[in-house]
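Visitor: Curious how this folds, go ahead:
(one chain, ligands or ions: 1)
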Amino acid sequence: MIKLAKKYDVIIVGTGVAGLNCALNISPDKSVLVICKDTPDKSDSYLAQGGICRLPEESDFDSYFEDTMRAGHYENNPESVTAMIRGSQEVINDLIGYGVQFARNSDGSLAYTKEGGHSRPRICFHEDTTGREITTRLMKAARARRNILIVPYVTLLDIICDDKCCYGIVAKDGKNGRLYRLYADYTVLASGGIGGIFENSTNFRVLTGDALAICLNHGIAVDHINYIQIHPTTLYSKKKGRRFLISESVRGEGAVLLDKNFERFTDELKPRDIVTAAIREQMKKDGTDHVWLDMRPIPREEVINHFPGIVQHCLNEGYDVFRECIPVVPSQHYFMGGIRSDTKGATTMPRLYAVGETCCNGVHGKNRLASNSLLESLLFAKRAAEDINKNYCPEDMQAARAAEKALDLSKYANVSKLLKEYKDTVRAAISAADEADRAKEEA
Ligand SMILES: Cc1cc2nc3c(=O)[nH]c(=O)nc-3n(C[C@H](O)[C@H](O)[C@H](O)COP(=O)(O)OP(=O)(O)OC[C@H]3O[C@@H](n4cnc5c(N)ncnc54)[C@H](O)[C@@H]3O)c2cc1C
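Guide: Residues are numbered from 1 along each chain as shown. Below you'll find the model as predicted:
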């Protein structure tokens, strides 16, 4: 059994790409604890299929910037978008340095694929398992580092804080039942999205926005909590549980959407919100639970080499993509809103950072452009680590102890009740934001 220390220099909540890349960029002389709610591979990062964007060449900057802004309905923060695009080559180089194998052309250069909303191919990929490839390599690198400890089945329940700053976390070990109160000079929330609060989602069920609820409870700023992306194409199923994604790059490579009469009804390469709206409208018109996706326009070799995971999963569900259409339906997929953070991951509470899908730095605006999320998560997690390294100073232990003493421990006695309350807090905040937006539109 792993015995945890009372204090770490940095505590990171989450083992997705954001948490891992943050840990790997913290100075090796600092002790880093990384916790996760389930096993380390139960992160949405692991599930990413399509790929990760990279600025292919300088002349593409304006077009990549415009594609990101257009997809986001121009509600994006231009400073964050610029930082993300400018940092994309560095991120891909780092990943290659960790051993990530991206698809290559015959001359050895990176191969790019295209997805909806992109005006040209600029997405690096590894078959249809890019997330697994990246996460596995980062995990291997993190495990090899002596200063990083990764502990599974430890759930963040709260932060230790006063009205000035964050001093660490309260967490529960799901295996031995211990309640930890851990100090950290810096705490980083990298706890992913909120798909677990929706009935139909591509996300792991454990991702329920706990950190978001904790921030809401402590008055830490949260932005655009109702900006939630629905992915147009997940495999239709009557079974309960996580929905299987049919990557957008399938449409990028030529797959088409068909109605109940097997006729095309929309431009498959529009941004996600537009394609989703078109599918929902068509389903309503046809009185169906799904539309059809035909992958047969994609050359057979391309399907075999690029999408082996999708082919196999569909076969397991009884569909042969080489011979027939597959039924698809929109499902919750991504969270554009989140804990307010700047381009260095800093939240409105000193010593508390938020990176990855749980944060909102304005990169995505109202709707995320495909394959910008892994990039955004990796880049701003690295920037957060660099900011911590640069400004490192130990916390005030007297204040930390006082904040710990002020905790009401009875709150953490029933974890499932508390986590359910957190889900309700997030749902209520989403409804309130929807209501406020409606009122604004009507005014
Ligand atoms: C099916 C699918 C396909 C996708 N494909 C792509 C793609 O091709 N390209 C792209 O750019 N993006 C894609 N995305 C989105 C992208 O994968 C995610 O946005 C990104 O990986 C988020 O990374 P993260 O590190 O912020 O969170 P995650 O990878 O989700 O990690 C969250 C971590 O937080 C932990 N956690 C959560 N709550 C707690 C708690 N209370 N206590 C302790 N730990 C906690 C979890 O256990 C987990 O370890 C896809 C997403 C899905 C679901």
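
Visitor: what's the weakest-modelled helix or strand in the chain?
Guide: Least confident helix or strand, the chain: helix 248-252 with a mean of 90, by mean pLDDT, DSSP states H and E.

Visitor: Tyr102: which element?
Guide: Quick fix: residue 102 reads Phe, not Tyr. Under the assignment given by DSSP states H and E, Phe102 is not contained in any helix or strand.

Visitor: wait, it sits on Tyr112?
Guide: No. Contact status for Phe102 versus Tyr112: not in contact, 9.4 Å apart, counting by C-beta atoms under 8 Å. In this view, the C-beta of every residue, glycine as well, is placed from N, C-alpha and C.

Visitor: Now the common contact residues for the two.
Guide: Both Phe102 and Tyr112 are in contact with Cys124, where contact means C-beta atoms under 8 Å, 6 or more residues apart in numbering.

Visitor: I'd say Ser31 and Tyr8 touch.
Guide: Yes. Judged on C-beta under 8 Å, Ser31 makes contact with Tyr8 at a distance of 4.9 Å.

Visitor: Mutual contacts of these two, please.
Guide: Counting by C-beta under 8 Å, 6+ apart, the contacts common to Ser31 and Tyr8 are Leu149.

Visitor: who touches Phe380 in this structure?
Guide: With contacts defined as C-beta under 8 Å, 6+ apart, the neighbours of Phe380 are 18, 80, 83-84, 341, 343-345, 355-356, 359, 361, 363.

Visitor: Quick one: those residues as a markdown table, columns for neighbour count and secondary structure too.
Guide: Rendered in a markdown table, the data for these read as follows (neighbours: other C-beta atoms under 10 Å; DSSP: H, G, I helix; E, B strand; the rest coil):
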| residue | neighbour count | secondary structure |
| --- | --- | --- |
| Ala18 | 35 | helix |
| Ser80 | 22 | helix |
| Ala83 | 19 | helix |
| Met84 | 26 | helix |
| Ser341 | 27 | coil |
| Thr343 | 20 | coil |
| Lys344 | 18 | coil |
| Gly345 | 28 | coil |
| Val355 | 35 | coil |
| Gly356 | 33 | helix |
| Cys359 | 35 | strand |
| Asn361 | 28 | coil |
| Val363 | 29 | coil |
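
Visitor: So the spatially most central residue of the chain versus the ligand, what's the distance?
Guide: For the chain, Glu357 is the residue whose C-alpha lies nearest the centre (C-alpha atoms, centre = their mean; 3.8 Å). Computed as C-beta to the nearest ligand atom, to the nearest Å, the Glu357 to the ligand distance reads 4 Å.

Visitor: So that residue, which state does it fall into?
Guide: helix (DSSP: H, G, I helix; E, B strand; the rest coil).

Visitor: and the stretch 251-400 of the chain, which of its residues are near the ligand?
Guide: Proximity of the stretch 251-400 of the chain to the ligand is assessed by C-beta under 6 Å from any ligand atom, with Tyr334, Gly356, Glu357, Thr358, Ser371, Asn372, Ser373, Leu374, Ser377 identified as the residues in range.

Visitor: among the residues you listed, which two are most distant?
Guide: Set against one another by C-beta to C-beta, these have their most distant pair in Thr358 and Ser371, with a gap of 18.9 Å.

Visitor: Quickly list the domain ranges of the protein.
Guide: Residue ranges of the domains in the chain are recorded as 7-227+336-431, 232-331, according to automatic domain parsing.

Visitor: Of those domains, flag the one that's most buried.
Guide: Per residue and on average, the most neighbours among those fall to domain 7-227+336-431, with a mean of 20 (mean count of other C-beta atoms under 10 Å).

Visitor: Enumerate the residues of the stretch 51-200 of the chain near the ligand.
Guide: Where proximity means C-beta under 6 Å from any ligand atom, the interface of the stretch 51-200 of the chain facing the ligand comprises Gly51, Ile52, Thr130, Gly131, Thr155, Leu156, Ala190, Ser191, Gly192, Gly193.

Visitor: rerun at 5 Å
Guide: Contacts of the stretch 51-200 of the chain with the ligand, taken as C-beta under 5 Å from any ligand atom, map to Thr155, Leu156, Ser191, Gly192.

Visitor: In JSON lines, list those residues along with pLDDT and secondary structure.
Guide: Supplementary listing: these in JSON lines, determined by pLDDT from 0 to 100; DSSP: H, G, I helix; E, B strand; the rest coil:
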{"residue": "Thr155", "pLDDT": "98", "secondary structure": "strand"}
{"residue": "Leu156", "pLDDT": "98", "secondary structure": "strand"}
{"residue": "Ser191", "pLDDT": "98", "secondary structure": "coil"}
{"residue": "Gly192", "pLDDT": "98", "secondary structure": "coil"}
